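**Student:** Curious how this folds, go ahead:
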Amino acid sequence: MEAKDGTVYKHVRDIYSDVRLVFKNAMKYNDDNSDVYGMANILLEILEEKWLQLLPKVTEEEQRREEEEAEAQKNILLAQEAVHAKMARDINNELFEVDMHIEELREMVVKKCRNISTMEKRNLGVAISKLCPEDLTKALEIVAQNNPNIQTTAAEIELDINAQSESTLWRLKFFVKDCNDSSSKDEDTNNINRGDASSNRDNYIVSKRKKEICDALAKTAKRRKKKTVS
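**Tutor:** Predicted coordinates:
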């Protein structure tokens, strides 16, 4: 019961089970009329009686341990959640600082840029109107950053391109350019795919035509050879 090699009893129920097994085995492997059987039977009865007296205390101790383990597990989960929450806050703070730094750099670039001409504004307005719904929503979000009153989710939105700040105009210009570049890449990829299919078809036609010509030349040469022999 006080073993130091790792075999020590972990629970009082294990002790009760082993002691009970000792008496059960003594009764099992000895004659019913033997002294060993009789003494084992008496001790087994005493054990069962003592165990019934001890059982409420054992049950109470088990419940206390379960509650302590549940409380410890709960504290571990709370500690983990606190760590995760702190990490999330730190990451959000870092992202906010990065966003602020990017915004400062963007403003610096805009200040060094020239003013957008009237023609460029007109072209920008036309380009925005041709954006797909998803990109158009993103463009309106750019406008909304400097115009909090604009309703980006409204069914119809009237956008006065001339009323926008230079910062907003340049950001819209860059955004539209990125959208157009992306669309051009997709179109080029499709054209390449179509071109590959067309090229394969042309190569097949040319190869077939070459084979027909070669076959015709071979037949002509064969006929000439026959005439010479004749």
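
**Student:** Quick check: which element contains the residue nearest in space to the middle of the chain?
**Tutor:** With distances taken as CA atoms, centre = their mean, the residue of the chain nearest its centroid is residue 88 (16.6 Å). In the assignment (DSSP states H and E), residue 88 maps to helix 35-112.

**Student:** residues making contact with the following helix or strand past that helix?
**Tutor:** Next in sequence after helix 35-112, counting helices and strands by DSSP H and E, comes helix 118-129. By CB atoms under 8 Å, 6 or more residues apart in numbering, the residues outside helix 118-129 that reach it are 116, 136, 139, 159, 161-162, 169, 172-173, 176, 180. C-beta: built from backbone N, CA, C; applies to glycine.

**Student:** Pull the most distant pair out of those residues.
**Tutor:** Using CB to CB, the two most remote members of the contacts of helix 118-129 are 162 and 180, lying 21.9 Å apart.

**Student:** Would you mind telling me which of the two has more residues around it?
**Tutor:** Using other CB atoms under 10 Å, the more surrounded residue of residue 162 and residue 180 is residue 180, with 14 against 9.

**Student:** shaky segments in this structure?
**Tutor:** 1, 110, 148-158, 184-230 (pLDDT under 70).

**Student:** 90 - rerun?
**Tutor:** In the predicted model, the chain carries pLDDT under 90 at residues 1-13, 62, 65, 96-230.

**Student:** What helices and strands are in contact with the helix holding residue 88?
**Tutor:** helix 12-28, helix 166-229 (3 or more CB pairs under 8 Å, 6 or more residues apart in numbering; DSSP states H and E).

**Student:** just the angle between the shortest one and helix 35-112, please?
**Tutor:** The reference is to helix 12-28. Helix 12-28 runs at 150 degrees relative to helix 35-112, counting by axes from the mean of the first three to the mean of the last three CA atoms, to 10 degrees.
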